[in-house]
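Asker: what shape does this take:
(chains A, B, C and D)
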2 protein chains.
Amino acid sequence: MTKIKDVALAAGVSTATVSRVIANKPHVREEIRQRVLAVVDQLGYRPNLVARNLREQKSKIIGLIVSDIQNPFFRYISRSVEDVAHKNGFSVILCNNDEDPLKEKMYLQLMQDQNIAGIILSPTRQAVSKFETILKLNIPMVVIDRRIHNVEVDNICIDNVSSSFKVTQHLVEKGYQRIGGIFGKDSITGQERYEGYLNALKDSGMKSHSELVKFVAPREETGYQATLKLLQLANKPDALFTSNSLLAAGALRAIQEKKLAIPEQIALTTFDDTSWARLVTPPLTVIDQPAYEIGQTATELLMQRIDDPSRSTREITLNGKLIIRQSSTFHS
Amino acid sequence: MTKIKDVALAAGVSTATVSRVIANKPHVREEIRQRVLAVVDQLGYRPNLVARNLREQKSKIIGLIVSDIQNPFFRYISRSVEDVAHKNGFSVILCNNDEDPLKEKMYLQLMQDQNIAGIILSPTRQAVSKFETILKLNIPMVVIDRRIHNVEVDNICIDNVSSSFKVTQHLVEKGYQRIGGIFGKDSITGQERYEGYLNALKDSGMKSHSELVKFVAPREETGYQATLKLLQLANKPDALFTSNSLLAAGALRAIQEKKLAIPEQIALTTFDDTSWARLVTPPLTVIDQPAYEIGQTATELLMQRIDDPSRSTREITLNGKLIIRQSSTFHS
DNA sequence: ATGAAAGCGCTAACAC
DNA sequence: GTGTTAGCGCTTTCAT
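Answerer: Below you'll find the predicted structure:
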């Protein structure tokens, strides 16, 4: 690989001058600049980013740590993070938590060890509760999707409690009586969505039935299993609310298998407006999370924090949007 | 950040000894080893990976370059690549091509500049046709999803032509007469799938109608638009074959909007068995690509190539599986 | 078995 | 405006 020394030699200048030209620094005679540029071109010289990183003590890479790239929500996030990052000359390392605090810790360490410029993190529940540890890493960071309280960190989420409240209230208004819920366990998100669900029931004077609520790992298969169990109850739910799209896919499969009519025999609503939510029969009522925007805003925030680490932190809350379709509109 | 020198000082040994202990090298007295380990622990020392990378001229990061992370197929790939990579102590940088040769080139450069250990690449069409240029980068590499001919490189794909043949033939057998197709443009994959489609028609003595074939960017929206156009023809197709799941989602939306009955008025089949393909009404007949396996095998291949760059290259072809559901089974 | 020192490729402080 | 050189943190050769 050709290095800066080779260029210097061939151009008859010092490495310092080459470095200045590369970095577009002033104080170089135009004539020399041209000469160096020509040699760079001719030799196909490319700066070694590792050496530069070591020397400058910082890289142009940011890390994105999410809990599951298979989840469409995080897919949109990752796409927007990449877009904004590249626009700013940064690359992105993407990693999965699997909601596992050990994996999370490992990745955070890795990024620190790699001199990563900054991190966009969707933290595990454990991380949320003792976030000071993570903050000690002292890396520019933006936390997404999970609310961190009483800690100085940029934080951008959607309002899970009120979004969840909205969709549950909608089911109540439509006259559903026994509203079941399947929530992600191990994640704050699932907890908050459960909270909104409970609030809505309480608010409308309805009793909550603990046998209608399941906490499971947020995957298609577990959603399927949990729904089957709910449908086996003597006193079945007449509506179901799942806290993400993977769970919804599983729930839908179970309901179809049991040949129950949606929304006549059971309503189905979920978080996440995936591409298929409006394609199934009937189309699903959903909470649309502005995933692309979350990633976009988070990355812009991170760029600013990298530029100025002492800048005051901010908390941004985006609102989920209730999109009513036919899967919840039988009664009334 | 504490560095190797600090540890050496605190343990009363040289940096060389600390380095040996860290790397688990022999020729260190057990007593000293213990002492150093204790200090490492106490000081919370972590090796600086950037410095190590610079010194050793190689990192423990691999790059994964795909054409679109939004495409569920690549999502599975990325998941399996990560899994296998981490099992081997590697991290993964993920990047999107968008089928754009310039972006692709940029990322390949970036990875070279970062001393990346190896790359898993789903190349653009342009890259396929002059792959020698990429090979010149001289980075351990495995090419997935696109077949590279006459070039010494590890290559793992599915058989697009025969998979496409299978599903088209299936439509013919079911008695469909005017079979339309929507294929990704700009990608070899789309070309090959078109080829299989043509072969199947020819094979069964059917005429192909060029007005029934569209080449578009592989996205939901374009699939939707293309389908609308096909449905506006005086002589509409009675079956439709899309070359990936995003196109299928768009096609399905268009068909639903036009209130055409599947499979009675039009059949719909596609590549990629996404989670929702069996959830829509009616469930879709698909070609299931073993995405997870492709990523897994590719990563294992890459690990081996990194270990031994002179090892002979291999080409692996996995077979797509035709899964027949109700979206194509009206006739007969 | 251990240490001193060179050097990976780069940038920047300092000298001229 | 340009060159010399130190040093980022690490591994490894070569002495001892």
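Asker: is any part of the lowest-mean-pLDDT helix or strand in chain A close to chain B?
Answerer: Each helix and strand of chain A was given a mean pLDDT (mean pLDDT, DSSP states H and E); the minimum falls on strand A:91-96 at a mean of 85. Yes: shown here: strand A:91-96 in contact with chain B (C-beta under 8 Å from any C-beta of the partner chain) through A:91-96. Every residue, glycine included, has its C-beta placed from N, CA and C.
Asker: distance between that strand and the chain's centre?
Answerer: With C-alpha atoms, centre = their mean, to the nearest Å as the basis, the distance from the averaged C-alpha position of strand A:91-96 to the chain average is 12 Å.
Asker: which residues does the helix or strand that that strand is followed by contact?
Answerer: Proceeding N to C from strand A:91-96, the next assigned helix or strand is helix A:101-113, under DSSP states H and E. Surrounding helix A:101-113, the residues in contact under the criterion C-beta atoms under 8 Å, 6 or more residues apart in numbering or on different chains are A:63, A:65, A:93, A:95-97, A:119, A:121, A:123-124, A:126-127, A:134, A:137, A:139, B:46-50, B:91.
Asker: and with 6 Å instead?
Answerer: If you take C-beta atoms under 6 Å, 6 or more residues apart in numbering or on different chains as the criterion, helix A:101-113 is touched by A:63, A:65, A:95, A:97, A:119, A:124, A:126-127, A:137, B:46, B:49, B:91.
Asker: neighbouring strands for the helix or strand following it, and are they parallel or not?
Answerer: Sequence-wise, the next helix or strand downstream of helix A:101-113 (DSSP H and E) is strand A:118-121. Sheet neighbours of strand A:118-121, with direction, are listed as strand A:61-66 (parallel), strand A:141-144 (parallel) (DSSP bridges).
Asker: chain center to strand A:118-121: distance?
Answerer: Average the C-alpha atoms of strand A:118-121, do the same for its chain, and the two points are 11 Å apart (C-alpha atoms, centre = their mean).
Asker: nearest the middle, which residue of chain A would you pick?
Answerer: When C-alpha atoms, centre = their mean is applied to chain A, the residue found nearest the centroid is A:Phe74 (4.4 Å).
Asker: element containing it?
Answerer: Going by DSSP H and E, A:Phe74 is part of helix A:72-87.
Asker: circling back: report the contact partners of the residue nearest to the centre of chain A.
Answerer: Listed by C-beta under 6 Å, 6+ apart, the contact set of A:Phe74 reads A:Val66.
Asker: and the gap between it and DNA strand D?
Answerer: Relative to DNA strand D, A:Phe74 is positioned 32 Å away (C-beta to the nearest atom of the strand, to the nearest Å).
Asker: how about A:Ile323, phi and psi?
Answerer: Backbone torsions of A:Ile323, given as degrees, to the nearest 10, read phi -110, psi 110.
Asker: so is A:Trp276 in a helix, a strand, or just coil?
Answerer: With DSSP: H, G, I helix; E, B strand; the rest coil as the basis, A:Trp276 sits in coil.
Asker: and the closest residue in space to A:Val21 that isn't next to it in sequence, how many neighbours?
Answerer: For A:Val21, the nearest residue in space outside its immediate sequence neighbours is A:Val36; the separation is 4.4 Å by C-beta to C-beta, 6 or more residues apart in numbering or on different chains. Neighbour count for A:Val36, taken as other C-beta atoms under 10 Å in any protein chain shown: 24.
Asker: please tell me the pLDDT value assigned to the residue in the stretch 51-200 of chain A positioned nearest to DNA strand D.
Answerer: The shortest separation between the stretch 51-200 of chain A and DNA strand D is 3.6 Å, found at A:Arg55 (distances taken as C-beta to the nearest atom of the strand). At A:Arg55, the predicted lDDT confidence score is 96.
Asker: can you pull the contacts of it?
Answerer: Taking C-beta under 6 Å, 6+ apart, we find A:Arg55 in contact with no residue.
Asker: where's it, which helix or strand?
Answerer: Assigned by DSSP H and E, A:Arg55 belongs to helix A:49-56.
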